[in-house]
Structures are given as C-alpha cells and as structure tokens.
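Asks: kindly generate the corresponding structure for this input.
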Amino acid sequence: MTQCFKGGHDYPIEDEYGAYCEEHGVTAIWSHPDKRVPHDPPTPPSAEDEPPPRSAGGPHMS
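Replies: Sure, this is the predicted structure:
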C-alpha cells in the first residue's frame, strides 16, 4: 500500500487508478500509459450556476 503524505499512514482506499484518504482529503492518481481513469464528459452549466445579470444603469451620482 501507498502512504498518505499528510498523515504518514496507508491510504484506506486504493485501486488500479489511484488512492484516496478521506481523513485528509488527499488523492493520488497513478500515471499508467496503458490505463487511464474513466473520463466523465463535462456537463453544461445550469442557469442556477450563472450570476445574476448586471443592470445597465446602476446608481447615478448628481
């Protein structure tokens, strides 16, 4: 097993793609030319993720 660099203990979750330590939030990803981590396609942004539009006028100082 591989050791977590933050805690000095073995990673509790480890597979052929990498390892993860829940306690410290550390992820290690192995670099294999033959194996690649399954890629999730990007998701389109939803309307909830967009900031509200800016008003064209704004406050005016006299």
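Asks: pLDDT on stretch 25-38, on average?
Replies: Over the span of stretch 25-38, the pLDDT mean works out to 72.
Asks: check stretch 11-20 too.
Replies: Mean predicted confidence for stretch 11-20 is 85.
Asks: buried ones in that stretch?
Replies: The neighbour-count check on stretch 11-20 (16 or more other CB atoms under 10 Å) flags 11, 19-20 as buried. The way it works is simple: take the backbone N, C-alpha and C, and place the C-beta from them, glycine included.
Asks: with distance to residue 4 and secondary structure added, can I get those residues in TSV?
Replies: TSV is the format used below for the buried residues of stretch 11-20 (distance: CB to CB, whole Å; DSSP: H, G, I helix; E, B strand; the rest coil):
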residue	distance to residue 4	secondary structure
11	6	coil
19	8	strand
20	9	strand
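Asks: can I get these in TSV with distance to residue 2?
Replies: TSV is the format used below for these (distance: CB to CB, whole Å):
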residue	distance to residue 2
11	5
19	5
20	11
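Asks: out of those residues, who's nearest residue 30?
Replies: residue 19 (8.2 Å; CB to CB).
Asks: which residue sits closest to the closest one in space, ignoring its chain neighbours?
Replies: residue 11 (3.6 Å; CB to CB, 6 or more residues apart in numbering).
Asks: which residues in the chain form helices?
Replies: Using DSSP state H, the chain contains no helices.
Asks: can you give me the strands in it?
Replies: Secondary structure of the chain (DSSP state E): strands at 13-14, 18-21, 26-29.
Asks: on that earlier part again, now the residue nearest to residue 19: how far from residue 27?
Replies: Going from residue 11 to residue 27 by CB to CB, to the nearest Å gives 9 Å.
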